[in-house]
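Peer 1: Here you go, sequence then predicted model.
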Amino acid sequence: MKYFSTRGNVHGLSFKDAVMMGLADDGGLLLPEAIPVLTPGDVEVLGHLDYPELAFQILSLFTEDIPSVDLKDLVERSYASFTHPEVTPLVHRNGVYILELFHGPTLAFKDVALQLLGNLFEYLLKERGEKMNILGATSGDTGSAAIYGVSGKENINIFILHPHRRVSAIQELQMTTVTDPNVFNLAIRGTFDDGQRIVKEVFGDLPFKSAHSLGAVNSINWARVLAQIVYYFYAYGRVRRETGCRDFYVSVPTGNFGDIFAGYVAKRMGLPIRKLILATNENNILARFVRDGDYSIGAVAETLSPSMDIQVASNFERYLFYLFDQDAEKVARAMKDFAGTGRLAFTNQERARVAADFLALSVDKDQTLATIGDFHAATGYILDPHSAVGVKAAKDLSGGDAPVVCLATAHPAKFPEPVRRATGRDPEIPPPLAGIETRERRCEIIDADTAKIKEYVAKHAV
C-alpha cells in the first residue's frame, strides 16, 4: 500500500514514510492509493474479534512495510493502557447504543489513535536512528492525548498549542500537569483555528520542517484516521450480534472532520453504515455544508463542547478528494480559493452525493444541557457535552428504522460545569483526574504568531 497527497504532487510513499511526513510536503493530506473493499463475509468475521485483534487486522490492510509480529506488538501495547477490557465498550441506553471511547489515559477518544501513534513514532525513530519534534494544535483533547502518548519517550520532544482560556479547566490541567522534560505546552492568544493555521504554516516551511525533524500528531496524520476506522467495525460487530441488524446509523460529534472521515472510509470499505450523522455545536460550518452546501468560515463561538469550537476542519480536504472524483488538481484549486475567500461552492450533483452519505444537525447550548439532563433522568447515564450533541442529533435524525450508535468522545468528568448545570450533580471523578488540580504545572503563554512559534520550537528542539 502506497500513499499520495490530495493535491497530487507527493506520491509513492510507504506507510512508514506517510506516518513520519504527517502533512504532505505539497500542503495536502495523505491518503492510501486504494481503499480496501471487504465482502459482507469479511465484515462478519471481523465483527467477532476482540478489539486488539480487530485493530491488527484492519491496520494490516493498510500497512505492508511493518512486520506482522511488530505491528501486533505495537497494537497490543497501545491498548493495554486502556482501563476497560473491551477498550471501546458498547452500552445500550434509552434507544441508542453508546460507544464509549473514553477509557484511555486521558479519558477522550483521541487516546484510541494517539496511544498507537506514540508507539509508532518511537518504533520508527529507533529503527531509523532519528529524532523528532512533534508540533500540534488542540481544541482540547488532542493535546493531552498526544502528550500522554509520547511523554518520556526517547528521541521525541512535543510542542502543543492550545487556545488560552478556551479549553475546559480539566483539559488544560491534563496538558499542563505533564512536566516531563520533553513536553512543551504553549497557550496561544487566539483560537484553535489560529493554532491549526500556525501548524500548517510551519509544516509548509519545508527547510524548517526538515532542519528540525517535525512530526505531526493532529488528525492531518493518516495514522490517526486509520486507528479510528477500527472502532466503527467494532461497534457494528457488537450491534449486529445483539440485534441481527443488516445496517446501522452512526452519530459523530465532530469539529475537525477527522473522526467522521474515519467512518466514511469504513463505509467505503464495505461497512454497512446507512448514514453518518454529523453532529456539531454552534460552530456549524460542517452541518451547513451537509445541509445547504454552504462551507464558509464564520466567527468561532465559545460553547459547552470546546473540542468542536472549530471553523476550518483540517480533515475536510480528504473528503473533498473523493467528492471531487479523486481529482487532485481540482482539490488544489479549491483549497487555494478557500484560503483566499473563506468559502467553497458545490454543484447540485456534489450536494446530492453528500446527502447520500451524511445527515447533519447543529445543537446549541440549551439543547446540549437539555439532552444531558433528560438522558440522565431517563437512564442514570451521564453524557459529556460533546457526546450529548451526538445523542441529540441521533434522536432527531436517525428515523428509528435501524440501530444508531453514538460515539461518546469524552468522559463527563472532563466537563463538570455543564454536567452540574444539567443534572444538579457532579460527575464521578475517575482515578486519572483525582487531585489533578494540586499537581505541578508548566505552560507558557505566547502570541498566535507563526514566527514566534518557530523561534520557540527551534530553541527547544531535541
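Peer 2: Yes, it's here.

Peer 1: Can you check which helix is longest in this structure?
Peer 2: helix 222-243 (DSSP state H).

Peer 1: immediately after that one, which helix or strand?
Peer 2: strand 248-253 (DSSP states H and E).

Peer 1: and the next helix or strand after that next one with strand 248-253, angle?
Peer 2: Downstream of strand 248-253, the first helix or strand assigned by DSSP H and E is helix 258-269. Inter-element angle recorded for helix 258-269 and strand 248-253: 160 degrees (by axes from the mean of the first three to the mean of the last three Cα atoms, to 10 degrees).

Peer 1: List the residues that contact the residue nearest to residue 170 when sequence neighbours are not counted.
Peer 2: What sits nearest to residue 170 in space, not counting adjacent residues and going by Cβ to Cβ, 6 or more residues apart in numbering, is residue 414, at 4.6 Å. Backbone N, C-alpha and C define where each C-beta goes, glycine included. By Cβ atoms under 8 Å, 6 or more residues apart in numbering, residue 414 lies in contact with 107, 108, 141, 168, 170, 171, 174, 384, 433.

Peer 1: Let me know the pLDDT of the first one.
Peer 2: The score at residue 107 is 96. That number is its pLDDT.

Peer 1: How many residues are close by the closest residue to it other than its chain neighbours?
Peer 2: Spatial nearest neighbour of residue 107, excluding adjacent residues (Cβ to Cβ, 6+ apart): residue 411 at 3.8 Å. A count of neighbours around residue 411, defined by other Cβ atoms under 10 Å, yields 25.

Peer 1: Can you give me the buried ones in the longest helix of the chain?
Peer 2: 222-240 (16 or more other Cβ atoms under 10 Å).

Peer 1: Tell me how far it lies from the chain's centre.
Peer 2: Its chain's C-alpha centre and that of helix 222-243 lie 14 Å apart, by Cα atoms, centre = their mean, to the nearest Å.

Peer 1: Next, the angle from it to helix 258-269.
Peer 2: 70 degrees.

Peer 1: Begin at 40, not 1, for the rest of this chat.
Peer 2: Understood, numbering begins at 40; the last thing we discussed is helix 261-282.

Peer 1: Pull out the CA atoms of helix 261-282 and give them to me as PDB.
Peer 2: Taking C-alpha atoms only, helix 261-282 is exported to PDB below (Å, rounded to 0.1, in the frame of the first residue of the first chain):
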ATOM      1  CA  TRP A 261      -3.100   9.500   8.300                       C
ATOM      2  CA  ALA A 262      -2.300   7.000  11.200                       C
ATOM      3  CA  ARG A 263      -4.800   8.900  13.300                       C
ATOM      4  CA  VAL A 264      -7.600   8.400  10.900                       C
ATOM      5  CA  LEU A 265      -6.600   4.700  10.300                       C
ATOM      6  CA  ALA A 266      -6.700   3.900  14.000                       C
ATOM      7  CA  GLN A 267     -10.200   5.400  14.300                       C
ATOM      8  CA  ILE A 268     -11.600   3.300  11.500                       C
ATOM      9  CA  VAL A 269     -11.300   0.300  13.800                       C
ATOM     10  CA  TYR A 270     -14.000   1.200  16.300                       C
ATOM     11  CA  TYR A 271     -16.700   1.600  13.600                       C
ATOM     12  CA  PHE A 272     -16.200  -2.000  12.700                       C
ATOM     13  CA  TYR A 273     -16.100  -2.900  16.400                       C
ATOM     14  CA  ALA A 274     -19.400  -1.100  17.100                       C
ATOM     15  CA  TYR A 275     -21.100  -2.800  14.100                       C
ATOM     16  CA  GLY A 276     -20.000  -6.200  15.200                       C
ATOM     17  CA  ARG A 277     -21.400  -5.800  18.700                       C
ATOM     18  CA  VAL A 278     -24.700  -4.300  17.400                       C
ATOM     19  CA  ARG A 279     -25.100  -6.900  14.800                       C
ATOM     20  CA  ARG A 280     -24.700  -9.800  17.300                       C
ATOM     21  CA  GLU A 281     -27.200  -8.200  19.600                       C
ATOM     22  CA  THR A 282     -29.900  -7.100  17.100                       C
END
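
Peer 1: For it, the averaged confidence score.
Peer 2: Mean predicted confidence for helix 261-282 is 97.

Peer 1: just to revisit the earlier point, kindly indicate which of the contacts of residue 453 lies nearest residue 48.
Peer 2: Ranked by distance to residue 48 (Cβ to Cβ), these are led by residue 180 at 32.0 Å.

Peer 1: Now residue 228: phi and psi?
Peer 2: phi -80, psi 80 (degrees, to the nearest 10).

Peer 1: what does residue 222 give?
Peer 2: The phi/psi pair for residue 222 (degrees, to the nearest 10) is phi -110, psi 130.

Peer 1: so it touches residue 186, yeah?
Peer 2: Yes - the pair residue 222 / residue 186 is scored as a contact, 5.4 Å apart, by Cβ atoms under 8 Å.

Peer 1: the more surrounded of the two?
Peer 2: Ranked by neighbour count (other Cβ under 10 Å), residue 222 and residue 186 place residue 186 first, with 29 against 22.

Peer 1: Surely the more buried one and residue 218 touch.
Peer 2: No - judged on Cβ under 8 Å, residue 186 makes no contact with residue 218 at a distance of 10.4 Å.

Peer 1: ok, back up a step: nearest to residue 82, out of the contacts of residue 453: which one, please.
Peer 2: residue 147 (27.4 Å).

Peer 1: if I look at the closest one, how far off is residue 135?
Peer 2: 20 Å (Cβ to Cβ, to the nearest Å).

Peer 1: again, but for residue 397
Peer 2: Counting by Cβ to Cβ, the gap from residue 397 to residue 135 is 18 Å.

Peer 1: for residue 199, same thing?
Peer 2: 33 Å.

Peer 1: ok, the two, which is more surrounded?
Peer 2: residue 199 (26 against 20).

Peer 1: Now that one: closest residue in space, sequence neighbours ignored.
Peer 2: In space, and not counting its chain neighbours, residue 199 is closest to residue 182: 4.2 Å by Cβ to Cβ, 6+ apart.

Peer 1: can you count the residues close to the one you found?
Peer 2: Count around residue 182 with other Cβ under 10 Å applied: 31.

Peer 1: does it belong to a helix or a strand, and which?
Peer 2: Going by DSSP H and E, residue 182 is in helix 180-189.

Peer 1: tell me what that helix is packed against?
Peer 2: If you count contacts as 3 or more Cβ pairs under 8 Å, 6 or more residues apart in numbering; DSSP states H and E, helix 180-189 packs onto helix 149-167, strand 171-176, strand 195-202, helix 208-215, strand 222-228.
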